[in-house]
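A.B. asks: Based on what follows, work out the 3D shape:
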Amino acid sequence: MTLPRFAPHLRDLVHDTDVLISDIWGVVHNGVVAFPEACEALQTFRKQGGTVVMLTNSPRPTPAVQEQLRELRVPDDCYDDIVTSGDLSRHYIATRPGEPLYQIGPDRDGPVFHGLDIDFAPLERADYIVCTGLLDDETETPEDYREILLTALKRKLPMICANPDIIVERGHKMIYCAGAVAELYRELGGEVTFYGKPHRPAYQRAFELATARRGMAVPRERMLAIGDSVRTDLAGANNFGIDCVFVTRGIHSAEFASLEEIDATTSKQLFGDTKPPFVLMRDLRW
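C.D. replies: This is a model prediction of the structure:
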């Protein structure tokens, strides 16, 4: 097993790379502010002929994510395309027009449903559940949903998880995401379908968009993933057969804070049975 090393600059890693599939939250912003050096790195890669596809587990469709990026002052020229869990979830919901569904999530995730034929229903009448997040992710935990999930389980309702992330960093605070609620439902015995990383369809869609941009299919060895989550970004890159640049400033920052190099024991502690990343970066910079 090749152990990952810390690298200070993206420019030293992309000589033979045509496409970057980059996470957003934790890599280019923390939900409160953008990371200027990360934005500059992606801009520079594109100026030198590279293609950047943002791949996010946000439960919102691409236009809503792009609006959020602009509000955080992430420049449009950091990327060529965006793929979101919200896009993938919308595609599924559209295949069940008019069927009653029960939503678990805040009103701000409403764009995932806009324009679709949806019958929002109470739990006792719903045919399935769509979980986009927690109603109040600042104060709630998945345990606050146990009673709802047990009721859903009695009715054997399937759940669509529109954001497989367990936690994200908002500013300097960790908050729960839809994936945490969905994992609890699965632990209770519920049926859950996850749309987004680390599942292959999300990467396949990013690959298709990159292919369209470049006019040809890009070999896997000329693609790199960038992310900050072992469970989603690293596992997803491995599943798709591409190397991963792992940014340690994100949700795993405390685990990497005092590390200067990685030995076999530490790698096992950090990455478990997941294949280690190609390289580590404290933060993304050119």
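A.B. asks: Pull out the buried residues from the top helix by length along the chain.
C.D. replies: Longest helix in the chain, counting residues (DSSP state H): helix 200-214. Applying a neighbour-count criterion of 16 or more other CB atoms under 10 Å, the buried positions in helix 200-214 are Ala202, Tyr203, Arg205, Ala206, Phe207, Leu209, Ala210. Just so you know, the C-beta spots here come from the backbone N, C-alpha and C atoms, and that holds for glycine as well.
A.B. asks: Enumerate every residue touching Tyr79.
C.D. replies: Ser22, Leu42, Arg46, Val52, Val53, Met54 (CB atoms under 8 Å, 6 or more residues apart in numbering).
A.B. asks: With Pro142 instead?
C.D. replies: Contacts of Pro142 by CB under 8 Å, 6+ apart are Leu134, Tyr176, Ala180, Val181, Glu183, Leu184.
A.B. asks: Kindly provide the distance from it to Cys131.
C.D. replies: 10 Å (CB to CB, to the nearest Å).
A.B. asks: Overlap in contacts, these two.
C.D. replies: Shared contacts of Pro142 and Cys131 (CB under 8 Å, 6+ apart): Val181.
A.B. asks: What ranges does the stretch 151-286 of the chain have for its strands?
C.D. replies: Taking DSSP state E, counting those that start in this stretch as the criterion, the stretch 151-286 of the chain contains strands spanning 159-161, 167-170, 173-176, 192-194, 223-227, 243-247, 279-281.
A.B. asks: In JSON lines: those, plus distance to Gly110 and mean neighbour count.
C.D. replies: Below are the strands of the stretch 151-286 of the chain laid out as JSON lines (distance: least, CB to CB, whole Å; neighbours: other CB atoms under 10 Å):
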{"stretch": "strand 159-161", "distance to Gly110": "16", "mean neighbour count": "25"}
{"stretch": "strand 167-170", "distance to Gly110": "19", "mean neighbour count": "18"}
{"stretch": "strand 173-176", "distance to Gly110": "19", "mean neighbour count": "16"}
{"stretch": "strand 192-194", "distance to Gly110": "21", "mean neighbour count": "19"}
{"stretch": "strand 223-227", "distance to Gly110": "27", "mean neighbour count": "26"}
{"stretch": "strand 243-247", "distance to Gly110": "30", "mean neighbour count": "25"}
{"stretch": "strand 279-281", "distance to Gly110": "35", "mean neighbour count": "20"}
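A.B. asks: Of the ones you listed, give the one that comes closest to Ala64.
C.D. replies: Closest of the strands of the stretch 151-286 of the chain to Ala64 is strand 167-170, at 16.2 Å (criterion: CB to CB).
A.B. asks: so what strands line up beside that closest one?
C.D. replies: strand 173-176 (antiparallel) (DSSP bridges).
A.B. asks: Give me the contact list for the strand it pairs with.
C.D. replies: Leu134, Asp137, Glu138, Glu140, Thr141, Pro142, Ile166, Ile167, Val168, Glu169, Ile251.
A.B. asks: which of the residues you listed lies closest to Pro61?
C.D. replies: Nearest to Pro61 among the contacts of strand 173-176 is Val168, at 18.2 Å by CB to CB.
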